[in-house]
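A.B. asks: whatever this is, show me its structure:
(one chain, ligands or ions: 1)
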Amino acid sequence: MGPLSLNTVSVRERWSLAQCIEGCARHGIPAISPWRDVLHAMGVAQAASAIRAAGLSVSGLCRGGMFTAADAAGRAASIEDNRRAIEEAHALGAACRVMVCGGLPPGSRDLEGARAMVQDGLAAIVDDARAAGVTLALEPLHPMTCADRSVLSTLGQALDLCDLLGNECEEGGVGVALDVYHVWWDPALAAQIARAGSRIAAFHVCDWLVPTTDLVFDRGMPGDGVIDIASIRAMVEATGYDGAVECEILSHKWWQQDPDDVLDLMVQRHATHC
Ligand code: ZN
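C.D. replies: Prediction:
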């Protein structure tokens with residue numbers, strides 16, 4: 001099984017990035033995936049050296065994308081911000097930059113237009129990513145977030161975009177981030193994971209709770225819900241993926257807990273349910 005990675009959003013209301021780095025070292029978690037807000041709060045250079053000093057690898061930088069905007073100025077600003085994030089991922093030595101591509105622009109009903117903006121935005125930055133040796137990991141999000149977060153909803157759609165933009169993932173370029181929370185329901189999942197092959201750049205875990213009380217912020221700890229995480233992980237590993245198993249839990253419930261308890265349980269559940 002791939003090594004556990006702490007996605008910093010899992011403890012975002014309690015710990016800074018410096019505390020996350022120390023926490024990983026304390027709990028024997030060998031990898032980390034910072035979000036850009038905590039990264040900027042610490043400073044990119046300082047974070048990179050602290051992560052190196054702690055001996056952690058960086059399974060991803062969350063997140064970029066958000067290419068959809070109501071006007072050209074908004075789309076250009078997004079592309080500039082994405083270029084900065086590529087530099088940050090390079091500075092951290094991150095395995096990839098996780099891309100959440102954006103929902104419909106405010107007031108729009110033009111879904112196809114929004115999808116075209118995503119493709120155009122990616123096309124504008126993919127050469128920068130290749131030059132920096134950074135992989136853009138397209139993360140399809142559950143279709144319940146299509147309006148406001150991601151018009152990219154399935155692994156099949158993400159791989160179609162990879163095909164359009166060029167396949168090489170090893171030396172930078174485009175690949176996919178597979179988050180079990182977003183794709184577990186997809187009847188085409190097994191076939192699309194096999195199709196993805198070496199393009200899987202990140203593997204995110206948490207669980208789907210029943211009932212789910214919030215569309216975004218009620219994710220479960222692996223083992224507390226209905227996703228057969230171990231089966232999906234086995235499919236991912238069958239493609240040759242040997243990267244991290246990144247635990248990413250956006251949850252009002254878990255944000256209230258002591259982060260040391262959360263990390264303890266993550267280590268346990270990584271062993272038993274991932
Ligand atoms: Zn994710």
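A.B. asks: so which residues on the stretch 51-200 of the chain come close to the ion?
C.D. replies: residue 179 (Cβ under 5 Å from the ion). Every C-beta, even on glycine, is put in place using the N, C-alpha and C of the backbone.
A.B. asks: quick one: low-confidence parts of the stretch 101-250 of the chain?
C.D. replies: 167-171 (pLDDT under 70).
A.B. asks: before we move on, which element is the closest residue to residue 246 other than its chain neighbours in?
C.D. replies: Spatially, and ignoring its direct neighbours in sequence, residue 246 is nearest to residue 5 (4.1 Å; Cβ to Cβ, 6 or more residues apart in numbering). Using DSSP states H and E, residue 5 sits within strand 4-7.
A.B. asks: quick check, distance from the following helix or strand past that strand to the centre of its chain.
C.D. replies: The helix or strand immediately downstream of strand 4-7 is helix 17-27, counting by DSSP H and E. Helix 17-27 sits 19 Å away from the centroid of its parent chain (Cα atoms, centre = their mean, to the nearest Å).
A.B. asks: also stretch 11-20?
C.D. replies: Distance, centroid of stretch 11-20 to centroid of chain: 18 Å (Cα atoms, centre = their mean).
A.B. asks: related to what we said a few turns ago, for the strand holding residue 5, name the packing helices and strands.
C.D. replies: helix 17-27, strand 31-33, strand 245-247, helix 259-273 (3 or more Cβ pairs under 8 Å, 6 or more residues apart in numbering; DSSP states H and E).
A.B. asks: distance between it and the chain's centre?
C.D. replies: Distance, centroid of strand 4-7 to centroid of chain: 11 Å (Cα atoms, centre = their mean).
A.B. asks: likewise stretch 122-140?
C.D. replies: The answer for stretch 122-140 is 14 Å, by Cα atoms, centre = their mean.
A.B. asks: in that stretch, what counts as buried?
C.D. replies: Across stretch 122-140, burial judged by 16 or more other Cβ atoms under 10 Å covers 122, 124-126, 128-130, 132, 134-140.
A.B. asks: then stretch 265-274?
C.D. replies: Across stretch 265-274, burial judged by 16+ other Cβ under 10 Å covers 265-266, 269-270, 273-274.
A.B. asks: hmm, back to that, can you show me the CA trace of the strand holding residue 5 as CSV?
C.D. replies: Extracted C-alpha coordinates of strand 4-7, given in CSV (Å, rounded to 0.1, in the frame of the first residue of the first chain):
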residue,chain,number,x,y,z
LEU,A,4,-0.1,7.8,3.9
SER,A,5,-0.2,11.5,3.2
LEU,A,6,-1.9,14.2,5.2
ASN,A,7,-3.9,16.7,3.2
